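Participant: sequence first, predicted model second:
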Number of protein chains: 2
Amino acid sequence: MILTVTLNTALDLTYGVPELVPHASHRVSEMSERPGGKGLNVARVLSALGHETVVTGFAGGSTGTVLRELLAGLPATDAPGPEAPGTTPAPTTPAPIAPAPVTDALVTVAGNTRRTIAVVDRATGDTTQLNEPGPLVTADEWAALLGRYEELLAGADAVALCGSLPPGIHVGAYAELVRAARAAGVPVLLDTSGEPLRRGIAARPDLIKPNADELAQLTGSREPMRATRDARRRGAHGVIASLGPDGMLAVTPDGIWQAAPPARVLGNPTGAGDSAVAGLLSGLVEGLSWPDRLRRAVALSTATVLSPTAGDFDRAAYEELLPRVGVEEHTPAAR
Amino acid sequence: MILTVTLNTALDLTYGVPELVPHASHRVSEMSERPGGKGLNVARVLSALGHETVVTGFAGGSTGTVLRELLAGLPATDAPGPEAPGTTPAPTTPAPIAPAPVTDALVTVAGNTRRTIAVVDRATGDTTQLNEPGPLVTADEWAALLGRYEELLAGADAVALCGSLPPGIHVGAYAELVRAARAAGVPVLLDTSGEPLRRGIAARPDLIKPNADELAQLTGSREPMRATRDARRRGAHGVIASLGPDGMLAVTPDGIWQAAPPARVLGNPTGAGDSAVAGLLSGLVEGLSWPDRLRRAVALSTATVLSPTAGDFDRAAYEELLPRVGVEEHTPAAR
């Protein structure tokens, strides 16, 4: 199984309004609620790809209860389920990927899990985001998480450490989790930003997946190749820089590749990075080559931008895009 | 006791942000959560004035549970409580008004109680409001509310019917509740807007408390005296028009009065109308004269505008303002 860690889980609310006007009153015309935080988003995509996933991190209070109820409903019941024994799929349709279970191994905290609110202007699709800070996590709760994490590592093929830190968690927390994964021999991907990323990298994670802003904040450079190499020197074994609509640049011990979608697409980029993490980790666990992992990551994140629901990927678009992602290896001279 | 009915209760969230910028991401720096919906706000003020209050209406789902937990905490524990037997207040301080209990008689529904979100720009104090529509209420749930309401009317000295209707409730719902109160001989104040107000007035409530916009929507006139008289002709026995910073105009079977605060004040008008309703109803139950009821309503709503917390009133300001509210009777010639 693949383990994802979300220290600051969230109940993600999406509100549709005709147009957000500051200092006016708005009647929300449509709303949806779903379990969020980057690691939970990664788990949802891994499940859709057929990978059994366990999620840990913190959840608490009434919002934590709602989050866990929604999590228990994953994979969504309208997704194709595993075939019942003895049934044969119709010969003309390709066998669908059966979604795999997502197991809740969250640690309960006394504080209230945060809400995030995405206010979507229905006319333009533009989104205004409001994020609560999250519960204050105590030292005892952090110790409980460390214990749970080490138990789960024993059965994990890979682990993703995702997102921001809630109040009360020390800034070196991800470094501690990276070291524990490496001690257990489990490949570890770190996807965070700012000081927690800087500290986490020094503990030598197998992979980081910064976007251009995160990379610039870490290294001071906006030139992708220079910044990515700098990030490797700081301790990350492999750096997959996401370049938005331009695809991804992978600088790894095995080589350097650039992957790009066949065309630029328009849509909502929310969750595209989380889909890329799911693509990279599932490809790692399946033993795919770097080019194939990157193809999957780029196709998934592009199919997420194209999906009408923020954070979900459009499966038909994913399957159509996958063989069309271009991957180019940088020759040693170019290195 | 005074009964308040809130068909569309709400969990009111207030988010502080440095500045709300459309299409940007915001980290919420401060947040608070409290039970809301107009009738619950009225009950909170009545409690602070020492009036025992029962609240009914609908609550459901996880947000309904949180709302009821917060409601159970009213009156706030830091408010002055009833004196313990045998203790004597210090002779130099006036005896504080002991807050009275607020009793939860809400009807549980299957749907989720709505949230409202007030996003406050910390620099300017300007507020952007996002209101969820509320749960879909079924015919059986409405029947349960009617039964509960009729039981409660038997013990009520007055009733306030407050706010918007949730989805599923027919537009003539308030008319039905007004008729039941009148049949039970309980004075009834209706505080809503739009078509529910128009229908409700036809059932002849004792009082309505529209603001200038609600009155204009109802009557087509922005001239307060004309619009208020028109509203009476439509069926309301008494009309108390709130004129914002200019105070209130009362057109009643006993006479016409205009009441105004001693000076215009700046602040957050959220909840000022609910405080005015509490002032009017408490004055009615205490048998105060119309001028004294209006003095109380204007002083309470002005003290609500002045309070740093939206929807609360500043007690010191209230006590200081009360004797300074000007009330002028319109002579029969002016009528």
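Facilitator: In hand now; what should we look at?
Participant: just the mean pLDDT for the longest helix seen in chain A, thanks.
Facilitator: Longest helix in chain A, counting residues (DSSP state H): helix A:290-306. Across helix A:290-306, the average pLDDT comes to 96.
Participant: show me what that helix is packed against.
Facilitator: On a contact count with 3 or more C-beta pairs under 8 Å, 6 or more residues apart in numbering or on different chains; DSSP states H and E, helix A:290-306 meets strand A:238-242, strand A:248-252, strand A:255-260, helix A:272-285, helix A:315-321, strand A:326-329. (C-beta placed from N, C-alpha, C; glycine too.)
Participant: just those: most buried one?
Facilitator: Most buried of these by mean neighbour count (mean count of other C-beta atoms under 10 Å in any protein chain shown) is helix A:272-285; its value is a mean of 26.
Participant: does chain B sit close to it?
Facilitator: No - counting by C-beta under 8 Å from any C-beta of the partner chain, chain B is not contacted by helix A:272-285; separation bottoms out at 13.9 Å.
Participant: quick check: angle from that helix to strand A:238-242?
Facilitator: 150 degrees (axes from the mean of the first three to the mean of the last three C-alpha atoms, to 10 degrees).
Participant: skip the chain neighbours and tell me the closest residue to A:Asp312.
Facilitator: Residue nearest to A:Asp312 in three dimensions, not counting chain neighbours: A:Thr304, with 7.0 Å by C-beta to C-beta, 6 or more residues apart in numbering or on different chains.
Participant: stretch A:209-227: which residues count as buried?
Facilitator: Neighbour counts using 16 or more other C-beta atoms under 10 Å in any protein chain shown place A:209-212, A:214-215, A:217-219, A:224-225, A:227 of stretch A:209-227 among the buried residues.
Participant: end to end, how far does that stretch reach?
Facilitator: End-to-end distance of stretch A:209-227: 12 Å, with C-alpha to C-alpha, to the nearest Å as the criterion.
Participant: likewise stretch A:191-206?
Facilitator: Using C-alpha to C-alpha, the end-to-end distance of stretch A:191-206 comes to 11 Å.
Participant: go on, stretch A:242-257?
Facilitator: 12 Å.
Participant: so it, near chain B or not?
Facilitator: No - Stretch A:242-257 stays out of contact with chain B when judged by C-beta under 8 Å from any C-beta, the minimum separation being 15.8 Å.
Participant: what mean pLDDT does that stretch have?
Facilitator: Averaged over stretch A:242-257, pLDDT sits at 94.
Participant: from the chain's centre, how far out does it sit?
Facilitator: Computed by C-alpha atoms, centre = their mean, to the nearest Å, the separation of stretch A:242-257 from the middle of its chain amounts to 17 Å.
Participant: how close does the nearest residue to A:Val285 once chain neighbours are set aside get to chain B?
Facilitator: Distance criterion C-beta to C-beta, 6+ apart; nearest residue to A:Val285, sequence neighbours excluded, is A:Asp157 at 4.7 Å. Distance, A:Asp157 to chain B, by C-beta to the nearest C-beta, to the nearest Å: 33 Å.
Participant: just read off the phi/psi values of A:Asp157.
Facilitator: Dihedral pair for A:Asp157: phi -90, psi -20, per degrees, to the nearest 10.
Participant: isn't it up against A:Met1?
Facilitator: Yes - at 6.6 Å, A:Asp157 counts as touching A:Met1 under the criterion of C-beta atoms under 8 Å.
Participant: the residue nearest to A:Asp312: how many residues sit nearby?
Facilitator: Residue neighbour count, defined by other C-beta atoms under 10 Å in any protein chain shown, stands at 30 for A:Thr304.
Participant: does it touch A:Arg315 like I think?
Facilitator: No - counting by C-beta under 8 Å, A:Thr304 sits too far from A:Arg315 to count as a contact (10.8 Å).
Participant: which bits of chain A sit near chain B?
Facilitator: A:13, A:15, A:17, A:20-29, A:31, A:62-63, A:65-66, A:115, A:117, A:119, A:121, A:126-133.
Participant: could you flag which of the residues you listed are buried?
Facilitator: A:13, A:15, A:17, A:20, A:26, A:28, A:31, A:62-63, A:65-66, A:115, A:117, A:119, A:121, A:127-128, A:130-132.
Participant: re the thing from before, which of the residues of chain A next to chain B fall within helices?
Facilitator: Taking DSSP H as the definition of helices, the residues of chain A next to chain B contribute A:62-63, A:65-66.
Participant: show me what the residue of the stretch 51-200 of chain A at minimum distance from chain B is bridged to.
Facilitator: Closest to chain B within the stretch 51-200 of chain A is A:Gln129: 4.0 Å, counting by C-beta to the nearest C-beta. Beta-bridge pairing for A:Gln129 (DSSP bridges): A:Ala118, B:Ser25.
Participant: okay, it: pLDDT?
Facilitator: Note for A:Gln129: predicted pLDDT of 94.
Participant: please save the CA atoms from the strand or helix carrying A:Arg179 in CSV.
Facilitator: Using DSSP states H and E, A:Arg179 maps to helix A:173-183. Extracted C-alpha coordinates of helix A:173-183, given in CSV (Å, rounded to 0.1, in the frame of the first residue of the first chain):
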residue,chain,number,x,y,z
ALA,A,173,8.5,17.9,11.6
TYR,A,174,8.8,16.8,8.0
ALA,A,175,12.5,16.3,8.5
GLU,A,176,11.7,13.9,11.3
LEU,A,177,9.2,12.0,9.1
VAL,A,178,11.6,11.8,6.2
ARG,A,179,14.3,10.3,8.4
ALA,A,180,11.9,7.7,9.8
ALA,A,181,10.9,6.7,6.3
ARG,A,182,14.5,6.4,5.2
ALA,A,183,15.4,4.3,8.3
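Participant: give the other helices and strands that it contacts.
Facilitator: Where contact means 3+ C-beta pairs under 8 Å, 6+ apart, helix A:173-183 is packed against helix A:139-153, strand A:158-162, strand A:188-191, helix A:194-202.
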